[in-house]
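Participant: My questions are about this predicted structure, shown below with the sequence.
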Amino acid sequence: MAEKVLRKAESFYPLYERKGGAAPDVTHYCPGCGHGVLHKLIAEAIDDFGIRERTILISPVGCSVFAYYYFRVGNIQAPHGRAPAVATGIKRVYPESIVISYQGDGDLAAIGGNNILQAANRGEKISVFFVNNAIYGMTGGQMAPTTLIGQKTTTSPLGRRASNEGYPMRMSELIATLEAPIYVERVALTDAKNTTKVRRAVRKALKNQIENKGFSFVEVLSICPSGWKMEPTQAKEWLTQEMMRIFPLGVYKDRSDEIEEAGVQPTVFSAQDLQDSLNLPETDSASAKREPKTGVPEKYRNPRLKIAGFGGQGVLILGVGIAQAGMDDGYHVSWLPSYGPEMRGGTANCSVNLSSRIIGSPLVTQPTVLVAMNLPSLEKFEKDVAPGGLILTDSSLVDRAPSRTDIEHLGVPATKLADELGNTRVANLVMLGAYIAYTGVLDKDVVHSSLPRFIKRKALIDLNKQAIQKGMEFVSHQVKA
Amino acid sequence: MAKQLIKGNEAVVKGAILAGCRYYFGYPITPASEIAEAAAFYMPRVGGTFLQAESEIASINMVYGAASGGVRAMTASSSPGISLKQEGISYAAGSELPLVIVDISRGGPGLGNIAPEQSDYNQIVKGGGHGNYKLIVLAPNSAQEMCDLTMLAFELADKYRNPVCVLADGFIGQMMEPVEFPKPVTELEDKPWAVHADAEDENKLISSIELEPERLEAHNRKLQQKYAEIQQAEIRSEAYLTDDAEIVLMGYGVVSRILQSAVDQLREEGYRVGLFRPITLWPFPDPQIKRLADRAKKFLVVEMSNGQMVEDVRLVIQGRIPVHFYNRMGGMAPSPEEIREQVIKLFEA
Amino acid sequence: MGVEKGLQVPKVVIREDECKGCGLCIQACPENVLFVQKHFNRMGYHPAGYQGEGCIGCGFCFYQCPEPGAITVYKKGYVGEEVEA
């Protein structure tokens, strides 16, 4: 179905109003520039495929920064090198759109080198058109990552030297090594024959996206007469003789035919099930608007706890458990883990506040209760305990009593008692049982009902209840004794 | 609704989803990683997108792309990661894209450490990227506010077509507290300026470039006008026992919680001391601070940084009353007892 | 089959004001019917011109020209509106 006329595509704005100025009907490109030709081939393909209304073009930084002057589509201008990332963002929002990342060699192969490789490797369903003209045109002819060895530019005035600037980057070859891309080809805007191949490649890259197949990459060797300081006809000669020697034309990868055409699943948001999806608490939960337990002895009321031990002793979970049960009992609570310098070296600690008042500092610097699950923790935090405070130690591991005399001490052989249950890892819950029994801060029933909210593995709930029981029994024997 | 004991970082993600955000692009970093992890867990469950990008730079640009499409999108990171995002944030401000960035700040400069610090104030409030722009900056001090202010961030971002940053620190991110979750936002306003992959798109352009100096100046004037409106309408702050306070303590984020404990202690001892806490770090609560300076004799600004917000306080006060400063850095937090000593010194001075 | 409709002779129309005088169309033309004109256009370029006959409608010039609107090629059989030169 050969058209009987070749004319300006519908996918160009009739007048380039965003460009404005004295000549809003011509592009800003220099005479002979390859960008204009590639623009025409892309616009023609957009027309022919009937995809103009759902096409979104990402303009890069470089000579084609103003591509949005011309393409009569949705336009987004991206930071230097980031077009593939911006394309990823918008394509994920509108999977049915046709997203084109149009980039030059500095943008794609230098500053945005990682962005293009990663987008390719993710197999983003976009079409990338990469204009390689071996120079930075926009900024006035500086060296590009694709500048040839010996090529003079304003920043390689003696010619590019491999010893200083390395070698020209072959992006098509690089990208073709990746698993995800389905189509990678290098073409050149030279004579009519090669231009036909460019036209075909452009159409294929877009068709792959229309069929929702995958990532397509077309590298287009293109002349920059101004940057190369050549007449356009002479520039074509140089491209053919020099550039094509370093950047061989050809298909580097093509899995287009192996991949089934796929429909696009429109994005559906389920708003009604948010409660469930986000694991939000039930509105009629027992915790709503309770008052904290009354009758707790004054000195144990509104405790500020520091809980410390070796990593692996479950001190963080113990803290969460006290906070969770405290919250369920109607207290204001906070839990703050140590993280950062002090957790290195295998120790862990957390700060827990339970209070009938709104909690100020979540950091416990002067604990009223210290739970020391090992000796280093006792040594480190004993001095911080508020006068009259309570220190609980795991007496299976801490073989001495605190040296301070202005505090109260209870040794609980938590690890030993846990071992009797067949699992030393529940020593933390033994300690929890001892703590609530000794101070009366929380009732066993509350802790039991809170357990599923901080012990994720259901199978361990019973064991943990036994551990709490052990701790409580230990205290009642102690008190009687 | 009932409460849930939850980490601040996780509350951010639930809040974001309740606010209608379904796009998260990010890169892991301590102490912000739980945000990415929660987004990775919850986004797919609500039909949303979570993508771990190759870098902070890529992730902010993915958010830029998604926000161009008119949807609520976000990213989160911590200090050095935020530094990397600054280019994209500047572009978003220039393009007037509504998007949300969460910064769970940590110790610097350089790699610093992963402990909490407030040394990102300047790079967030003063605009760490290039150009004449402002972010709206919200500073939560509890897990509840991590949820609430994240939701507010999306609302303000859309209302003003401006990037909004939720600036917290490692303590607020890592801390677990009871959170009561608000009802989900179900109606989002249409964004006629956004690219929608439809027939209207030919009239749309998301861009921060204005080549003509006259036009760029006009664009900047328009932005400044918008910022002036935000300053008029969006200041948020909290005052605690300041009515009769001779010394007003000032801090944001976790510091405000520590100061509250110090104030409670000092009040019990009979000292007339109060607390003022900016919730919006930009717009900064200038009028509120000016009014406090009419009554108070001294300010004590406390920060976990080398003194960044204090400069803004001094700009507002213009030497009318002394503005004292106390700080800790490197992940050290001041204790209420430490603050108490400082305040007593000021009373005795 | 009826009488053949539409344009009988292919032709190329060059909008001189959009031409930047790069000469690529002239180089590409297999029939050598395009040439550099002596006068300047509004942008100060010597625009390309068509001799007025000899165009075979191959489109080589169109696909070499970087300006979207500078060259229009009408092939044999074309029916419809035509652009102003």
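Facilitator: Here it is on my side, so go on.
Participant: I'd say B:M74 and B:M62 touch.
Facilitator: No: B:M74 lies out of contact with B:M62 (Cβ atoms under 8 Å); the separation is 10.6 Å. Yep, even glycine has a C-beta here, placed from its N, CA and C like the rest.
Participant: The residue in the stretch 251-400 of chain A that chain C sits nearest to pairs with what?
Facilitator: Using Cβ to the nearest Cβ, the single residue of the stretch 251-400 of chain A nearest to chain C is A:V251, 20.6 Å away. Per DSSP bridges, the residues bridged to A:V251 are A:E185.
Participant: related to what we said a few turns ago, between B:M74 and B:M62, which has more neighbouring residues?
Facilitator: Per other Cβ atoms under 10 Å in any protein chain shown, whichever of B:M74 and B:M62 has more neighbours is B:M62, with 33 against 30.
Participant: and the gap between the more buried one and A:G89?
Facilitator: For B:M62, the distance to A:G89 equals 4 Å [Cβ to Cβ, to the nearest Å].
Participant: Overlap in contacts, these two.
Facilitator: Listed as contacting both B:M62 and A:G89 by Cβ atoms under 8 Å, 6 or more residues apart in numbering or on different chains are B:F25.
Participant: returning to that earlier point: who's in contact with the residue of the stretch 251-400 of chain A closest to chain C?
Facilitator: Per Cβ under 8 Å, 6+ apart, neighbours of A:V251: A:183-185.
Participant: do A:S356 as well
Facilitator: Residues counted as contacts of A:S356 (Cβ under 8 Å, 6+ apart) are A:292, A:301-302, A:331-332.
Participant: Outside of stretch B:309-328 itself, list whatever touches it.
Facilitator: Applying Cβ under 8 Å, 6+ apart, the set of residues contacting stretch B:309-328 is B:118, B:121, B:125, B:250, B:252, B:278, B:281, B:284, B:286, B:289-290, B:293, B:296-307, B:334, B:339, B:342, B:346.
Participant: Filter those residues down to the buried ones, ChimeraX style.
Facilitator: Selection of buried members from the contacts of stretch B:309-328 for ChimeraX, criterion 16 or more other Cβ atoms under 10 Å in any protein chain shown:
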select /B:118,121,125,250,252,278,281,284,286,289,293,296,298,299,300,301,302,303,304,305,307,334,339,342,346
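Participant: quick one: which of the contacts of stretch B:309-328 sit in helices?
Facilitator: Of the contacts of stretch B:309-328, the ones assigned to helices by DSSP state H are B:121, B:125, B:286, B:289-290, B:293, B:339, B:342, B:346.
Participant: Out of those residues, which two sit at the greatest distance?
Facilitator: B:V125 and B:L346 (26.0 Å; Cβ to Cβ).
Participant: Kindly report the domain assignment for chain B.
Facilitator: Domain segmentation of chain B under automatic domain parsing yields B:3-233, B:237-348.
Participant: For stretch B:220-233, list every residue counted as buried.
Facilitator: For stretch B:220-233, a neighbour-count test (16+ other Cβ under 10 Å) marks B:223, B:227, B:230-231 as buried.
Participant: how about those, which pair is most distant?
Facilitator: Between any two of the buried residues of stretch B:220-233, the greatest separation by Cβ to Cβ is 12.7 Å, found for B:L223 and B:Q231.
Participant: could you say which helix or strand contains residue 20?
Facilitator: Picking chain A for this. Using DSSP states H and E, A:G20 sits within no helix or strand.
Participant: Chain B is the one I meant
Facilitator: Short version, using DSSP H and E: B:G20 is in no helix or strand.
Participant: and stretch A:78-92, what's its mean pLDDT?
Facilitator: When pLDDT is averaged over stretch A:78-92, the result is 98.
Participant: returning to what we had before: what residues are shared contacts of B:M74 and B:M62?
Facilitator: Common contacts of B:M74 and B:M62 (Cβ under 8 Å, 6+ apart): B:F25.
Participant: Which residue is the nearest non-sequential neighbour of the residue in chain C that chain A sits nearest to?
Facilitator: Taking Cβ to the nearest Cβ as the measure, the point where chain C comes nearest chain A is C:P66, at 2.6 Å. Closest residue to C:P66 in three dimensions, ignoring its sequence neighbours and counting by Cβ to Cβ, 6 or more residues apart in numbering or on different chains: A:G36, at 2.6 Å.
Participant: before we move on, back to that, which one among the ones in helices among the contacts of stretch B:309-328 gets closest to chain C?
Facilitator: B:V125 (46.1 Å).
Participant: My guess is that closest one contacts B:L281. True?
Facilitator: Yes: using Cβ under 8 Å, B:V125 makes contact with B:L281 at a distance of 4.9 Å.
Participant: tell me, what's touching the two both at once?
Facilitator: B:137, B:167, B:309.
Participant: now for the host helix or strand of the first one, which elements pack on it?
Facilitator: When secondary structure is defined by DSSP H and E, B:V137 falls within strand B:136-138. If contacts are counted by 3 or more Cβ pairs under 8 Å, 6 or more residues apart in numbering or on different chains; DSSP states H and E, strand B:136-138 sits against helix B:143-160, strand B:164-169, strand B:280-282.
Participant: Could you say which of those is packed most deeply?
Facilitator: Of all the helices and strands packed on strand B:136-138, strand B:164-169 carries the top mean neighbour count, a mean of 30, counting by mean count of other Cβ atoms under 10 Å in any protein chain shown.
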